[in-house]
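J.: The sequence and its predicted three-dimensional model are supplied below.
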Amino acid sequence: MQRLCLTLLILLLGACATPSRAPEHGGRMNDVALYALSLADTPYRYGGNSSDNGFDCSGFVQYVYLNTLEIKLPRTSTEMSRMGEHLDAGQLRPGDLVFFNTRQQPFSHVGIYVGEERFVHSPSSGKAIMVASMREKYWRSRYNGARRITSAN
């Protein structure tokens, strides 16, 4: 929990210190990242899509987007990877979706970028929603790309 609070503080201070380059939703994309972080420690559950029972990766992302931006995303990470605008790694902003190949299948895992080369996600069975660094060898070697969702396109 202390780590989560520190991450939130860094994000908030970073948002205050840099000029706004927010997408169409303006500061609402920061709301996406902050809301995602607020769900830390919610357990992983295969097929899960609620804060009461737990989330899998795509259920988590779908839940966050619906509850912050009122955007209903598709249910699977692969389907999500076809939405919105393609981004290069240098274009990432809080609230963007980041995709990974974790099952020897492109776009098999999704998380929400929170800044500082970190993302929040629901990792796997026996774990809970957490923040991970995209600099870690595991994630760096499995990175598939990113998308910015600005509407239910």
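T.: Thanks, I have the structure now. Numbers count the residues shown, from 1 in each chain.

J.: give me the element the residue nearest the centre of the chain is part of.
T.: Centroid-nearest residue in the chain: residue 112, 0.9 Å away (criterion: C-alpha atoms, centre = their mean). Per DSSP states H and E, residue 112 falls inside strand 109-115.

J.: Ok, residue 82 next?
T.: Going by DSSP H and E, residue 82 is not in any helix or strand.

J.: roughly how far apart are it and residue 106?
T.: Taking C-beta to C-beta, to the nearest Å as the measure, residue 82 falls 11 Å from residue 106. Every residue, glycine included, has its C-beta placed from N, CA and C.

J.: neighbour count winner among the two?
T.: residue 106 (14 against 11; other C-beta atoms under 10 Å).

J.: Contact partners for the closest residue to residue 148 other than its chain neighbours?
T.: Sequence neighbours aside, residue 85 is the residue nearest to residue 148 in space, at 4.6 Å (criterion: C-beta to C-beta, 6 or more residues apart in numbering). By C-beta atoms under 8 Å, 6 or more residues apart in numbering, the contact set of residue 85 is 147-148, 150.

J.: ok so, going back, run me through the strand neighbours of the strand holding residue 112, direction for each.
T.: strand 97-100 (antiparallel), strand 118-121 (antiparallel) (DSSP bridges).

J.: can these go into a markdown table with extra columns for mean neighbour count?
T.: Conversion of the strands paired with strand 109-115 to a markdown table gives the following (neighbours: other C-beta atoms under 10 Å):
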| stretch | mean neighbour count |
| --- | --- |
| strand 97-100 | 25 |
| strand 118-121 | 25 |
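
J.: and residue 138, which of these is closest to it?
T.: strand 97-100 (8.9 Å; C-beta to C-beta).

J.: Restrict the closest one to CA atoms and write it as CSV.
T.: The C-alpha coordinates for strand 97-100 follow below in CSV (Å, rounded to 0.1, in the frame of the first residue of the first chain):
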residue,chain,number,x,y,z
LEU,A,97,-3.3,0.7,-23.0
VAL,A,98,-0.1,-1.4,-23.2
PHE,A,99,0.0,-4.9,-24.7
PHE,A,100,2.2,-7.9,-24.2
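
J.: Below-threshold pLDDT in the protein: ranges please.
T.: 1-26, 152-153 (pLDDT under 70).
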